[in-house]
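Visitor: Dropping a prediction and its sequence here:
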There are 2 protein chains.
Amino acid sequence: MSQHTQALAAFLADLRYEQVPAAVLDRTEDLFLDWLGSALASQGAHPIPLFERYAEKMGPAEGRSRILVSRRSSSAYFAALVNGASSHLVEQDDLHNSSVLHPATVVFPAALAAAQDLGKSGRELLLASLAGYEAGIRIGEFLGRSHYRIFHTTATVGTLAAAVAVGKLMGFDKEQFINLLGSAGTQAAGLWEFLRDAADSKQLHTAKAAADGLLAAYLTADGLSGARNILEGEQGMAAGMSKDADPRWLSDRLGERWALAETSFKFHASCRHTHPAADALLALMQRENLTADEIARVTTRVHQGAIDVLGRVVVPQTVHQAKFSMGTVLGLIALYGKAGLTEFHTHALTDPRVGQFREKVSMVLDPEVDGAYPQRWLGRVEVVTVDGRTLTAAVDDPKGDPGNTLSRAELEDKFRRLVAFSGARSDAEAGVLIDRVWRLRDTYDLGGLA
Amino acid sequence: MSQHTQALAAFLADLRYEQVPAAVLDRTEDLFLDWLGSALASQGAHPIPLFERYAEKMGPAEGRSRILVSRRSSSAYFAALVNGASSHLVEQDDLHNSSVLHPATVVFPAALAAAQDLGKSGRELLLASLAGYEAGIRIGEFLGRSHYRIFHTTATVGTLAAAVAVGKLMGFDKEQFINLLGSAGTQAAGLWEFLRDAADSKQLHTAKAAADGLLAAYLTADGLSGARNILEGEQGMAAGMSKDADPRWLSDRLGERWALAETSFKFHASCRHTHPAADALLALMQRENLTADEIARVTTRVHQGAIDVLGRVVVPQTVHQAKFSMGTVLGLIALYGKAGLTEFHTHALTDPRVGQFREKVSMVLDPEVDGAYPQRWLGRVEVVTVDGRTLTAAVDDPKGDPGNTLSRAELEDKFRRLVAFSGARSDAEAGVLIDRVWRLRDTYDLGGLA
């Protein structure tokens, strides 16, 4: 086993609450609230009830862990499964840029379910979640861009991130973390193929990553051994699922660089690959005082990953697919000034002007944008107006990125909008939840977080 | 989607009990009994109790599906999980040569658990299991040798095979099978890296393949959609996990070729890659009337896959690892005339003569053997005697292969030995189980199969 995996496992075992900067703890709470909103926003929406019914069929009638959308309880495994599915549906959960990992939707479902099951405190939950972010982000960076071309990193790496969070809750030592990575890594799965058909696998992926990671941790705690070099070994993850893996990422500035704090909040309710262009178009239209009618063509200059993920969707057939259609997203921005959940559900497929605008939009690969990716997600658009002018705009930090982040007031507003969208909780209940999350580090009974 | 995946899904949907030749049904029962013995043989052995405890912790206290080793009941998911783990531990479960898939340990746990849950008959169980074998074997062949170099085919392809069996029990149509393959394929995982450390992942792999396949089928029945081209698509299984995939295997002689009937029974209790050489050495020693003492060196001429899988184990530290040590297996054959469960547990690590014999054994790549593999597993050994003679032997059909298969009497004997090894059932109970399996096609209540 290389020094890099060794160092990562030692860091995870040794990480103490007291060594975490206050700003990082604050941000962990921010991310937790943001996640909770995404989970609740999907109540009642396909395919979430399928996972709820599966949990009822296969799991115990009740348990110590909470299923957020239904307010039911179950064992930790099924709570992680359903909460994992539900928090990745509305495309509002967080994203870490350089790893292309959505950490919240895999880390928090597993960590919260296990913390409730094991009677852990808010501080332990925060520390465990931080461990999951730090490990998952570095493993995602390690596997590189070639992995993401075929594999859904949030599914594959998500299994390890979720496992690490639960292992930290259980107080694993270095040796246990090594075994845990082995048992989680050998379960890592998730292919992008489903996107072409707008199939329901995205929710299956996050459900399974959270639940499988939790399973790996419980079995490791009981003595299951795993491959000691699952990341870097000759028949391990990088060997099978990457062409450009770089082990140095695994131990990158452990304890100095807090990767969690680099995580971006999602402002628009669409695939993150559309956000830089959406922000750039919005900036251009505001600067030039343009309306949608005055735009003849939009060329978005993007990185290859955007073309890989978004290129599949030509004419979206579902709201979910619309979130992966660059033209639809820019159409909503141009016509409504935003691309939130409400705009997607009310206008994306039914307003003919959105469909017309979509036809005006194209993507081209831009070497500068591609070279900066995935460390930076640059927004570059070129607009040709109906009266023949060519205008350009550039945004270097899309809204929600660390350099242009959301304030607690903005996060609370987003949370209330997400909860109101599905009606999963009343606005008064949303207020109570917000208050509980901001006091998480002084909470000893996590049962009320549901 | 290609014609090959289409044809496979249509075949699975249309397959009827009445069209299956009697010999194929007989063989399905043979394989079922053989599987049942492997599952029961692992009672009490690490890591099986870990999976039992996990099922107790996360699952319901009781249910309609049976956990074989413990005689407890649970929901179908956990019965599939524990039975999947337990039937791949003692290395006595079946193998299909050209796909390098162990079908029984993934297909039967899922099919039996779902059949018990859904109140299906013995005929429905046999037909569903056959569907799982036919699909799994062809998908394994499709993914090719490059897949098996890094990925544990029984884990990856096993997820799809298990899913298909449960889907057939549920009466899926072609469209449902297409969605099912998508949801199962995107969960397919399992890396060989654990072998180097003799870690417990092999049982985790088969447990998860059976359980994940079952999960995919239950969710598909409830309306979850999956990628429509998960096998052949640009971001599907072959794209991510194979370099030599050939789609023609997917539809190879559907309904004419019964791949299930090509499945080999395991005679020796070791990794199947050791069997051809073990049979050849046994034949040579019998022919020449040689004892172990008279042998100075053994060179086994093998295929590359044997070197990939067995080359990792130099000096075995555990009984399980000993089953992957060519020298240890041949030592048991030379000294005891067989390499069954009892020989492994009593002599493999403790008899110093076995260790000495192990040092006399080497493997070399043989172009003829490698060229025939994986369709045929040829046994070729060269022995140099203490008195300086060089002797060779060749076995073209190792014991247990279709051309040299086990009779029902031999299968019953193997079953009774497996059950007696762990003490999971009395010999009288073993006799009752044998009788029940031979009457499976006339059984309407599968609850008694445990």
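Guide: Happy to help now that I have it. Numbers count the residues shown, from 1 in each chain, chains lettered A, B, ... in the order given.
Visitor: what residue is smack in the middle of chain A?
Guide: residue A:102 (2.3 Å; Cα atoms, centre = their mean).
Visitor: where's it relative to residue B:264, distance?
Guide: 44 Å (Cβ to Cβ, to the nearest Å). Backbone N, C-alpha and C define where each C-beta goes, glycine included.
Visitor: go on, residue A:288?
Guide: With Cβ to Cβ as the criterion, residue A:288 and residue B:264 are 72 Å apart.
Visitor: before we move on, what about residue A:177?
Guide: Distance of residue A:177 to residue B:264, given as Cβ to Cβ: 39 Å.
Visitor: How about residue A:122?
Guide: In terms of Cβ to Cβ, residue A:122 sits 56 Å off from residue B:264.
Visitor: circling back to that earlier point, the residue nearest to the centre of chain A reaches residue A:92, doesn't it?
Guide: No - assessed by Cβ atoms under 8 Å, residue A:102 is found out of contact with residue A:92, at 10.4 Å.
Visitor: got a pLDDT number for residue A:160?
Guide: You'll see residue A:160 listed with a pLDDT of 98.
Visitor: Now do the contacts for it.
Guide: Contact analysis of residue A:160 by Cβ atoms under 8 Å, 6 or more residues apart in numbering or on different chains lists A:135, A:136, A:139, A:181, A:184, A:185, A:188, A:213.
Visitor: ok, so of the residues you listed, who is nearest chain B?
Guide: Taking Cβ to the nearest Cβ as the measure, chain B lies nearest residue A:188 of the contacts of residue A:160, at 5.6 Å.
Visitor: Confirm the closest one sits in a helix?
Guide: No - Residue A:188 is assigned coil when assessed by DSSP: H, G, I helix; E, B strand; the rest coil, not a helix.
Visitor: Now residue A:42. Its backbone dihedrals?
Guide: phi -90, psi 0 (degrees, to the nearest 10).
Visitor: pretty sure it is touching residue A:68, no?
Guide: No - assessed by Cβ under 8 Å, residue A:42 is found out of contact with residue A:68, at 9.2 Å.
Visitor: Now do the shared contacts for the two.
Guide: residue A:86.
Visitor: re earlier: please say which of residue A:288 and residue B:264 ends up with more neighbours.
Guide: More neighbours surround residue B:264 than the other of residue A:288 and residue B:264, with 23 against 15 (other Cβ atoms under 10 Å in any protein chain shown).
Visitor: Looking at the stretch 251-400 of chain A, which residue is nearest chain B?
Guide: residue A:308 (8.3 Å).
Visitor: so who does that residue touch?
Guide: Here residue A:308 is in contact with A:149, A:192 (Cβ under 8 Å, 6+ apart).
Visitor: List the buried residues in the biggest helix by length in chain A.
Guide: In chain A, assigned by DSSP state H, the helix with the most residues is helix A:122-150. Using 16 or more other Cβ atoms under 10 Å in any protein chain shown as the test for burial, helix A:122-150 gives A:122-145, A:147-150.
Visitor: and that helix, anywhere near chain B?
Guide: Yes - counting by Cβ under 8 Å from any Cβ of the partner chain, chain B has neighbours in helix A:122-150: A:149, A:150.
Visitor: what packs against that helix?
Guide: Under the contact criterion of 3 or more Cβ pairs under 8 Å, 6 or more residues apart in numbering or on different chains; DSSP states H and E, helix A:122-150 touches helix A:3-14, helix A:22-41, helix A:104-118, helix A:153-169, helix A:237-241, helix A:304-310.
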